[in-house]
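Colleague: model this:
(one chain, ligands or ions: 3)
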Amino acid sequence: MSPRIRVTRQGEAIDQVLRTAAGFRTAQDLYGELRNQGSSVGLTTVYRHLKVLADAGEIDVVHRPDGEAQYRLCSPAGSADPTAIQDHHHHLVCRVCGRAVEVDGPEVEQWAERVAAAAGYTQISHTVEVFGLCPQHS
Ligand SMILES: [Zn+2]
Ligand SMILES: [Zn+2]
Ligand SMILES: [Zn+2]
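Modeller: Ligands and ions are numbered 1, 2, ... in the order given. From the prediction side, this is the model:
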């Protein structure tokens, strides 16, 4: 087995776990799930693959209040209207299980543009995630 094929296979295994996860998962969570499935993928590979996907914009990253990064494949398969999910969106994230709801916030977008323009800032971006307890954990 050549190294190249191995990397691809491990990447596919990671993609598969991301696809089946309902919520945001840390690299450690994903690593644990892969091990449970009998995969021999290493934690370093998981981190590296997640970073590549995140840099390419293929998965979403949120940072928990404690700073740990969590990852999720957005635009879930089976969504009735895939075009309803914009590239730029926000999340409601459960603090317990990582379950996420995609939300958009036109008020937030307008507010960000307004305060930035008022201060003379251009090329702005922002990150807004809302953490709480999902209906199952309230
Ligand atoms: Zn998302
Ligand atoms: Zn929950
Ligand atoms: Zn926004």
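
Colleague: what's the helix ranked longest in the chain packed up against?
Modeller: If you go by DSSP state H, the chain has its longest helix at helix 3-20. In terms of contacts (3 or more C-beta pairs under 8 Å, 6 or more residues apart in numbering; DSSP states H and E), helix 3-20 is packed against helix 27-36, helix 43-55. Yep, even glycine has a C-beta here, placed from its N, CA and C like the rest.

Colleague: Give me the contacts around it.
Modeller: For helix 3-20, contacts defined as C-beta atoms under 8 Å, 6 or more residues apart in numbering pick out 25, 30, 33-34, 37, 39, 41, 45-46, 49-50, 53, 59, 71-73, 77.

Colleague: Dihedrals phi and psi, the nearest residue to residue 21 once chain neighbours are set aside?
Modeller: Of all residues not flanking residue 21 in the chain, residue 72 sits nearest, at 6.7 Å (C-beta to C-beta, 6 or more residues apart in numbering). The phi/psi pair for residue 72 (degrees, to the nearest 10) reads phi -160, psi 140.
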